[in-house]
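Make a model of this:
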Amino acid sequence: MAAHSSATAGKGAGKSWARGAFHRGLVALPLVAGLVTAGWLVADREQPAPQTPVATAATAQAGPSVLEVSAPVAAQEPGQGASGGGGKTPLQQWAESLAGPLDIPADALIGYANGELALRFEDPGCHLSWVTLAGVGEAGSDHGRHGDNPMGLSPTAWKKYGAKIPGIDKPALTDPSSASVAAGRALCAGGADLSAGTGWWKSIAAYASKDTELFRQRVLGNAQLYATLSLDPAKANSPAVRATRFALGQLGLPYVWGGNGPDAGAAGFDCSGLTKASYDSAGVALPRTADSQFRSLPPVTGEPQLGDLVFYGSPATRIHHVGLYLGNGLMINAPTEGQAIQIHTYHSRGDDYAGAGRPA
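The predicted structure follows:
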């Protein structure tokens, strides 16, 4: 069902969805075996189910559809210390150097860093990272760009965790540092250890107020991207990063066989439609199908990197599936009918992973 050989766009009924993932409705399937989460069932609350072509025998193979949960990789450490000659603290300099590459306002970055630094002192066993807080901030409010609750804290959580914050005389829900410390306390509650995948995943789920699966996926995907870019900010404007940002923006849209996305009149994408649209947004043209993309790209030796395409099938006969590599063993994936676009583990024992290609 995920071979995606059609270049036609499966039409979705009604108006086209916005690119951002805000207000997308999903029905989540439960965790499987504690460490693996299955795909979502798509339940668009505003539109009837899209009409999709019936898959033929030639297009009946799906790609990987499990996520072996993991915490985001380590990121660049926040700056610390007294102000330098220019009057700016190392933390301010750190935030200003990353604000552009990460597309996060500097004051929000300072807030996320203060959240990590505060929890290092209050709860060192939690191992909270600023990139996790940044992922929460992106999923909750696009780093304060939407609304006056930058970390999406409930009134109960703010009252419990935000009333007293060392170094801040009057904590405010709208203040990035106050909100980030409160959010960090909420995430670390109950002895959570966010350095391990299971603890991280459960803490993000407990934090979410609605659309739990979509929220967790957005936090994970963006936190992973921020960690990677913090270590190599010069790559921020590369086609690979631009394509990855586009693909992350489609999380939660439905899989549509032959779908080329809302801009083409479809409710969602199939696997190769997603990878093609992602690189189209970055100015790199790709063929339409998974097999033709595989045969048009130079192969990657060793482990794939951010933005590489990962393929499934038989190189000798036919490639039936493709995803976009996010890093840390993860990919952004349009798996098959009945599931949303989401993050999955890209390679597991027994799958038919065929290798990776690098568009740019």
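
Could you tell me which residues make contact with A236?
By Cβ atoms under 8 Å, 6 or more residues apart in numbering, A236 lies in contact with 100-103, 229. Heads up, the C-betas are built off the backbone N, CA and C, glycines and all.

Pull the most distant pair out of those.
Greatest spacing in the contacts of A236, by Cβ to Cβ: G100 and L229 (10.4 Å).

Tell me which of these two has more neighbours.
A direct count of neighbours by other Cβ atoms under 10 Å for G100 and L229 places L229 higher, at 24 against 12.

L128 reaches E116, doesn't it?
Yes - with contact defined as Cβ atoms under 8 Å, L128 and E116 form a contacting pair (5.5 Å).

and for the two, which residues touch both?
Shared contacts of L128 and E116, defined by Cβ under 8 Å, 6+ apart, are found at G184.

Between these two, point out the one with more neighbours.
Set L128 next to E116 and count neighbours by other Cβ under 10 Å: L128 wins out with 29 against 23.

Provide a list of residues in contact with the more buried one.
115-116, 119-120, 184, 187-188, 194.

Now with 6 Å, please.
Shown in contact with L128 (Cβ atoms under 6 Å, 6 or more residues apart in numbering): 116, 119, 184, 188, 194.

now D193
Going by Cβ under 6 Å, 6+ apart, D193 touches G199.

tell me the SS of it?
Recorded secondary structure, D193: coil (DSSP: H, G, I helix; E, B strand; the rest coil).

Give me the local confidence score for it.
With respect to pLDDT, D193 scores 95.

Just the endpoints, please. Distance across stretch 296-308?
13 Å (Cα to Cα, to the nearest Å).

how about that stretch: buried residues?
Neighbour-count burial for stretch 296-308, with 16 or more other Cβ atoms under 10 Å as criterion, is recorded at 297, 300, 304, 306-308.

same thing with stretch 229-246?
By 16+ other Cβ under 10 Å, the buried positions in stretch 229-246 come out as 229-230, 233, 235-236, 238-246.

Out of these, which comes closest to P166?
Distance ranking of the buried residues of stretch 229-246 against P166, using Cβ to Cβ, places S230 first at 25.6 Å.

correct me, but that closest one touches A75?
Yes - between S230 and A75 there is a contact under Cβ atoms under 6 Å: 4.5 Å.

what's the residue closest to the geometric middle of the chain?
Nearest residue to the geometric centre of the chain (Cα atoms, centre = their mean): G221, 2.0 Å.

Chain neighbours aside, what residue packs nearest to it?
L248 (4.8 Å; Cβ to Cβ, 6 or more residues apart in numbering).

Can you report how many residues lie near that neighbour?
L248, neighbours per other Cβ under 10 Å, totals 23.

cool, and the one 4 residues further on?
Burial of G252, expressed as a neighbour count using other Cβ under 10 Å, amounts to 26.

Please, which helix or strand holds it?
Counting by DSSP states H and E, no helix or strand carries G252.

so A240, which of the three states?
Counting by three-state DSSP, the backbone at A240 sits in helix.

so where do the helices sit in the chain?
Here the chain has its helices, by DSSP state H, at 90-102, 106-122, 130-141, 155-161, 176-188, 197-207, 212-231, 239-248, 271-280, 290-296.

Which residues are in contact with the residue nearest to G162 when sequence neighbours are not counted?
Among residues not flanking G162 along the chain, A182 sits closest, at 3.5 Å (Cβ to Cβ, 6+ apart). Listed by Cβ under 6 Å, 6+ apart, the contact partners of A182 are 153, 158, 161-162.

In TSV: those residues, plus neighbour count and distance to Q93.
Formatted as TSV, these follow (neighbours: other Cβ atoms under 10 Å; distance: Cβ to Cβ, whole Å):
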residue	neighbour count	distance to Q93
L153	23	28
W158	20	30
Y161	22	29
G162	23	27
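
Including distance to S203 and pLDDT, could those go into TSV?
Shown next, in TSV, are the contacts of A182 (distance: Cβ to Cβ, whole Å; pLDDT from 0 to 100):
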residue	distance to S203	pLDDT
L153	14	93
W158	17	95
Y161	13	97
G162	17	95
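
Which of those residues sits closest to G261?
Closest approach to G261 among those (Cβ to Cβ): L153, at 32.9 Å.

one step back: got the contacts of A182 as a markdown table, with distance to R358 columns?
A markdown table is the format used below for these (distance: Cβ to Cβ, whole Å):
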| residue | distance to R358 |
| --- | --- |
| L153 | 41 |
| W158 | 45 |
| Y161 | 44 |
| G162 | 45 |
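
pLDDT wise, what is A7 at?
We note a pLDDT of 41 for A7 in this prediction.

swap that for A38, sorry
Looking at A38, its pLDDT is 48.

Then the one 5 residues further on?
Listed pLDDT for A43 reads 32.

just to revisit the earlier point, could you report the distance from the residue nearest to G221 to L214?
As judged by Cβ to Cβ, to the nearest Å, L248 and L214 stand 12 Å apart.

before we move on, what about D232?
28 Å.

now do P64
Taking Cβ to Cβ, one finds P64 at 19 Å from L214.

Next: A247.
For A247 relative to L214 (Cβ to Cβ), the value is 15 Å.

Pick out whichever of these two has more residues nearby.
Neighbours per residue (other Cβ under 10 Å) separate A247 from L214, with A247 holding more: 27 against 22.
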